[in-house]
Every structure is written in structure tokens, then in C-alpha cells.
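> next input, structure requested:
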Amino acid sequence: MTLTVRQFPCLSDNYGFLIRDDASGRTACIDTPDAAAILSELKAAGWGLDYIFNTHWHPDHAGGNAEIKAATGCQIVGPAEVTRIAPLDRTVTDGDEVRLGETRFQVIECGGHTLGHIAYFDAADRIAFVGDTLFALGCGRLFEGQPDQMWTSLSRLAALPEETRVYCAHEYTASNARFALTVDPGPALKARADAVFAARERGEPTVPTTIGLEKATNPFLRAPALAPGLGKTGLADYEAFAAVRAAKDAFKG
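Numbers count the residues shown, from 1 in each chain. As a prediction, the model looks like this:
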């Protein structure tokens, strides 16, 4: 491993992530949900901060940019949409490379939750920071995009190596599991849901997950197989995804 990840809770259900390239000592934070919590974690780690890597523009992801930049002098990297609420030092888009010392991240376009949402994938260490596109047993709401865009984005993430560790930005897994159990009767999901509920009872995080685990149990990645159970047949894959997403949006559990 060449990348150290420090994960910590922020706000009501966000996670903050500080990352450090071990070879160079360069550091970054992934999004800025809570400036005070991030600066406190930096102090506890004894780290400076070289970069902020933003995934999208929402305030619980970029709202701390200005305060953290003022405190650390870091550079801010992200998709153009972030400029809706904060300036960027570097704008990146699909296929760009972002370097943190010797660690190289591929920028992956994954719009749908917001139109310009991106993920950062470290192929050498098999680590992906996916913001609010893919969650453990879930996916982001379609605030700006359409189902076909989001299905394409999820499919791009699902194509990463199955051992890839996926760092999503919220602890939503227990509520996602309760919904998933209503559309997927399979034993793999039941076993995972039981493990999730037990972990949360112990106060343990369910993030990170892996691509392989999500492909096996996430109802949104499995939507084409699950849509018939919702009475939806003969659909294109993205239409099946839209049916499962609509069911989740209406779910009250």
C-alpha cells in the first residue's frame, strides 16, 4: 500500500477522508463536509494539507473549501460545477489524472446525483472515492441527472476491479439495507443486511465497501434482475434502474 486513508464522521451522517501518499508525505482531503472536523483531524494526525479533491458541488461536500484553504494554503481540485459555491485551482474532467505525490488518481465522470459529479480511482491501490454516486447497498438520489445517465455512471464504477475498496460519503447502509430487503429476497443480501445491522448496533462503520460486494448485493447495480419482482418487465437496463430508484424514493422504512 502506498496510500493511507483516515476516515472519520462529519455532520450527522457524512464521512470525512484524509489521504496521505506514504512515499512523498503529500496529503489531501476528499470533499469538505465539515471544516472544523477536518482541521481537527489534520492536527491529530500531525499532517499538513496539500489538496482538496472535490467530487461535486453540494454544500456537504464543498462547503468547507474556503475555510480549509485559508487555514492550510492547499489547492482545490474538482469538477467545474464546484465553482457554483467555491473557486477551484484546477478543474478536472473525465479521464484526467490527479497526482498526490506518487499516487495517481484517474478521474471518472459519474454524473446523475449532480450533472458534473466525478469519482477518483487509484488503480495501483484499488481505491475509489465515489462521493454520492454509489453507496453501500445504495446510490445517490437523482437531483439533477436522469436515470440513463446515472445507470451509465453506476455501470462505469461497477466495471472497476471487484477488489476495489469503495469509499462513499455517507453512512446510509442500514436504511439502504431495509429497502433492499423489500426488493431482493436472495440469501446473499439477507446475510449482508444482518451483518450491517449488527455492525451499526456496535457503532461500527460500514464504509468502505467493495465493488464485488456491491455487484452481488446492491439493488441498484442488480436492478435488471430485480425489476420483474416490482412488476416491471421488458425494460431496458436503465429503465429497470429507474424503477428500483423510484421504489426507493417512495420507501418509508
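> quick one, what contacts residue 95?
106, 107 (C-beta atoms under 8 Å, 6 or more residues apart in numbering). C-betas here are computed from N, CA, C, even on glycine.
> so what's it scoring on pLDDT?
Looking at residue 95, its pLDDT reads 97.
> residue boundaries of the helices in this protein?
Ranges of helices in the chain, per DSSP state H, are 35-45, 59-62, 65-72, 147-158, 173-183, 187-201, 211-217, 223-226, 237-250.
> what comes up buried for the last one?
Going by neighbour count (16 or more other C-beta atoms under 10 Å), the buried part of helix 237-250 is 238, 239, 240, 241, 242, 243, 244, 245, 247, 248.
> before we move on, the earlier item: what's the closest of the helices of the chain to residue 8?
Smallest distance to residue 8 across the helices of the chain (C-beta to C-beta): 5.3 Å, for helix 35-45.
> can I get the closest one in PDB, CA atoms only?
This file holds the C-alpha atoms of helix 35-45, laid out as PDB (Å, rounded to 0.1, in the frame of the first residue of the first chain):
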ATOM      1  CA  ALA A  35     -14.100  22.300   8.000                       C
ATOM      2  CA  ALA A  36     -13.700  22.200  11.800                       C
ATOM      3  CA  ALA A  37     -13.700  18.400  11.900                       C
ATOM      4  CA  ILE A  38     -11.300  18.100   9.100                       C
ATOM      5  CA  LEU A  39      -8.800  20.700  10.600                       C
ATOM      6  CA  SER A  40      -9.100  18.900  13.900                       C
ATOM      7  CA  GLU A  41      -8.300  15.500  12.300                       C
ATOM      8  CA  LEU A  42      -5.300  17.000  10.400                       C
ATOM      9  CA  LYS A  43      -4.000  18.300  13.700                       C
ATOM     10  CA  ALA A  44      -4.500  14.900  15.400                       C
ATOM     11  CA  ALA A  45      -2.600  13.200  12.600                       C
END
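> how big is the angle separating that helix from helix 65-72?
30 degrees (axes from the mean of the first three to the mean of the last three C-alpha atoms, to 10 degrees).
> report the buried residues of helix 35-45.
35, 37, 38, 39, 41, 42.
> which residues touch the spatially closest residue to the first one that is not a sequence neighbour?
Closest residue to residue 35 in three dimensions, ignoring its sequence neighbours and counting by C-beta to C-beta, 6 or more residues apart in numbering: residue 64, at 3.4 Å. By C-beta under 8 Å, 6+ apart, the residues touching residue 64 are 32, 33, 34, 35, 38.
> what's the closest of these to residue 199?
Relative to residue 199, and with distances defined as C-beta to C-beta, the nearest of the contacts of residue 64 is residue 33, at 21.5 Å.
> can you list the buried residues of helix 237-250 in TSV and add pLDDT?
As requested, the buried residues of helix 237-250 are exported to TSV (pLDDT from 0 to 100):
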residue	pLDDT
238	97
239	97
240	96
241	97
242	96
243	95
244	96
245	96
247	94
248	95
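> is it possible to get TSV of these that adds distance to residue 46?
Shown next, in TSV, are the buried residues of helix 237-250 (distance: C-beta to C-beta, whole Å):
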residue	distance to residue 46
238	47
239	51
240	49
241	44
242	47
243	49
244	45
245	43
247	47
248	41
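> grab the nearest non-local neighbour of residue 72.
Nearest one to residue 72, counting by C-beta to C-beta, 6+ apart, is residue 49 at 4.1 Å.
> much appreciated, bye for now.
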